[in-house]
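**Q** 3D, please:
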Amino acid sequence: MINNLEILGKWEYVTIPGFVNKRFKARCDTGANYSSLHAYDLDVFELKKKKYVNFKLQENGDQYTLLVDSMTIIKSSNGEVENRPIVYIPIQIANRIVAVECTLTNRESMKYRMLIGRKALENRFIVDPGSWNLHGKIRRKK
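**A** Below you'll find the model as predicted:
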């Protein structure tokens, strides 16, 4: 820990309390502004002048509904442009639970189910790109 900022590796295991109790790998991506979470069956809809999104975190899993904070246009690493919903999701990482401003999208072809972007890392964590899974078994590149 440095100045009350927890050190994370380039990827860490996370859970989403209240949603899926399963751990999964998340990439700490200082190049991404927003965090991004893999979601199935996305459906943005309006109810009483507010936007909501229905989605699943597992293909045959439970359906969740969250209030959409806003929509944003994201250009992905493969060059595709997509209008994504932004929601707040609690994640547990490094023995902390933090609310993360997160876009929802299909990341099925990606290695990591979640990217943790700068907005989630800022003033909370420092990323050591030469390490990974620091809050499980400590591993460092040689």
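**Q** buried set for the longest strand along the chain?
**A** Longest strand in the chain by number of residues (criterion: DSSP state E): strand 81-93. Residues 84-87, 89, 91, 93 are the ones in strand 81-93 that count as buried (16 or more other CB atoms under 10 Å). Bear in mind the C-beta positions are built from the backbone N, C-alpha and C, glycine included.
**Q** what's the helix or strand just after that strand in contact with?
**A** The helix or strand immediately downstream of strand 81-93 is strand 96-105, counting by DSSP states H and E. With contact meaning CB atoms under 8 Å, 6 or more residues apart in numbering, strand 96-105 is reached by 6, 17, 34-39, 42, 53, 55, 69, 72, 74, 76, 82, 84-91, 114, 116, 119-120, 124.
**Q** how about 7 Å then?
**A** Residues from elsewhere that reach strand 96-105, judged by CB atoms under 7 Å, 6 or more residues apart in numbering: 6, 17, 34-37, 39, 42, 53, 55, 69, 72, 74, 82, 84-91, 119-120, 124.
**Q** P129: neighbour count?
**A** 11 (other CB atoms under 10 Å).
**Q** my guess is it meets K10, correct?
**A** Yes - between P129 and K10 there is a contact under CB atoms under 7 Å: 5.1 Å.
**Q** residue ranges with poor pLDDT in the chain?
**A** Along the chain, segments meeting pLDDT under 70 span 137-142.
**Q** So which residues of it form helices?
**A** For the chain, the helices defined by DSSP state H occupy 118-121.
**Q** so where do the strands sit in it?
**A** Counting by DSSP E, the chain has strands at residues 6-9, 11-16, 20-28, 35-38, 40-47, 50-56, 63-67, 70-75, 81-93, 96-105, 114-116, 125-128, 131-132, 139-140.
**Q** Most tightly packed of these?
**A** Neighbour counts (mean count of other CB atoms under 10 Å) averaged over each of those peak at strand 114-116, with a mean of 27.
**Q** what pairs with that one, and is each one parallel or antiparallel?
**A** Within its sheet, strand 114-116 is paired with strand 20-28 (parallel), strand 35-38 (antiparallel), according to DSSP bridges.
**Q** Alright, I will stop here.
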